[in-house]
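[1] what shape does this take:
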Amino acid sequence: MTKLFQLPTSWNETKRVLEAKKESFYSWADNAPKYRSRYNSIQSKNDNVVRVLSFPEVSPSGKQEMIKEFDYTHNLVTDDGEIYYAKMGAGETPATNEDFGGTQGGTGYFEIGTTAYTEAETDTFNEFDVGGTSKISNSRQTFTAGYPKTNDTGDADNTGDGLDVVSYSVNYSASSWNDTDVEQGVIHDNASPTTSTKLLCSFSFTSFAKTASDTLKIFVNHAFENQ
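    Numbers count the residues shown, from 1 in each chain. Predicted coordinates for the structure are as follows:
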């Protein structure tokens with residue numbers, strides 16, 4: 001996966017950085033598996049998770065700034081997630097153990113783990129929390145205020161938004177948690193999940209570290225196209 005970096009505007013490199021960022025991502029998208037035309041189609045079908053890690057660096061002027069590192073990955077909606085979307089589309093009320101934070105009153109949670117695995121549509125929290133040791137303490141957090149939403153134009157970091165896309169987001173502060181090996185994430189609806197807790201989706205990362213100085217923002221985008 002290709003990582004991209006965004007320097008602060010005070011570094012006076014805004015235009016060049018944005019151009020390089022776009023071209024780097026377009027080049028990556030053009031060569032990604034299951035090629036579709038450029039960014040929008042392939043991102044909505046495959047790599048629809050946007051990870052933004054912000055970390056401090058000292059600029060040439062001597063001022064400490066936060067640098068943004070972008071990375072892109074895929075997710076898999078589970079069987080339970082598909083049932084949730086079907087019930088929401090029909091105006092029905094999802095069960096209390098499969099209401100992932102839509103308009104029916106449920107609460108959705110992101111949770112991050114250290115062990116990547118091959119996702120399957122039948123997965124529950126048991127597959128995510130491998131041996132009860134994969135989940136990262138304090139990473140269970142509710143969605144950013146206002147999410148889920150469609151047409152997420154309010155945050156420029158979410159390059160996977162769209163009129164037919166449901167976007168989920170979480171923001172982790174520097175002090176929320178840190179780990180040297182971050183590889184997996186899920187969305188579920190349980191404040192105290194058990195092995196049988198249902199998942200809306202799961203997604204894997206290329207391993208990265210979040211230190212006590214870093215903030216982390218994750219977007220998961222679900223597109224509804226050509227069904």
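[2] helices along this structure, start to end?
    For the chain, the helices defined by DSSP state H occupy 14-30, 38-45, 79-89, 125-128.
[3] which of the ones you listed has the lowest mean pLDDT?
    Ranked by mean pLDDT, the helices of the chain bottom out at helix 38-45, with a mean of 45.
[4] give the contact list for the nearest residue to Ser167 once chain neighbours are set aside.
    Nearest non-adjacent residue to Ser167, counting by Cβ to Cβ, 6 or more residues apart in numbering: Asp152, 4.0 Å away. In this view, the C-beta of every residue, glycine as well, is placed from N, C-alpha and C. Contact analysis of Asp152 by Cβ atoms under 8 Å, 6 or more residues apart in numbering lists Asn158, Asp161, Val165, Ser167, Ser169, Phe219, Asn221.
[5] I'd assumed Ala223 was in contact with the second one.
    No. Using Cβ atoms under 8 Å, Asp161 and Ala223 do not qualify as a contacting pair, with a distance of 9.7 Å.
[6] who has more neighbours out of those two?
    Taking Asp161 and Ala223 together and counting by other Cβ atoms under 10 Å, Asp161 has the greater number of neighbours (22 against 19).
[7] per-residue pLDDT, that one?
    You'll see Asp161 listed with a pLDDT of 89.
[8] now swap in Asp47 and tell me
    Value for Asp47, per-residue pLDDT: 66.
[9] picking that back up, name the residues contacting each of Asp161 and Ala223.
    Common neighbours of Asp161 and Ala223 are not found (criterion: Cβ under 8 Å, 6+ apart).
[10] between the contacts of Asp152, which is nearest Asn75?
    Each of the contacts of Asp152 was scored against Asn75 by Cβ to Cβ, and Asn221 proved nearest at 8.6 Å.
[11] how about the contacts made by Asp155?
    By Cβ under 8 Å, 6+ apart, the residues touching Asp155 are Ser169, Phe219.
[12] before we move on, what about Asn190?
    Contacts of Asn190 by Cβ under 8 Å, 6+ apart are Asn97, Tyr109, Phe125, Thr197.
[13] so the third one touches Ser192, yeah?
    By that I understand Phe125. No. Contact criterion Cβ under 8 Å: Phe125 and Ser192 do not qualify, at 10.6 Å.
[14] who's more crowded, these two?
    Each of Phe125 and Ser192 has its neighbours counted (other Cβ under 10 Å); Phe125 has more, 19 against 6.
[15] ok, the more buried one to Gly89 distance?
    Distance check for Phe125 against Gly89: by Cβ to Cβ, to the nearest Å, it reads 25 Å.
[16] contacting residues around the nearest residue to Ser139 once chain neighbours are set aside?
    Closest residue in space to Ser139, ignoring its immediate chain neighbours: Ile112 at 3.9 Å, by Cβ to Cβ, 6+ apart. Ile112 sits next to Lys135, Ile136, Ser139, Trp177, Asp179, Val182, Gln184, Gly185 when contact means Cβ under 8 Å, 6+ apart.
[17] so which of those residues belong to strands?
    Judged by DSSP state E, the contacts of Ile112 include Asp179, Val182, Gln184, Gly185 as members of strands.
[18] and for the residue nearest to the third one when sequence neighbours are not counted, the neighbour number?
    Among residues not flanking Gln184 along the chain, Gly113 sits closest, at 4.1 Å (Cβ to Cβ, 6+ apart). For Gly113, the tally of surrounding residues (other Cβ under 10 Å) stands at 24.
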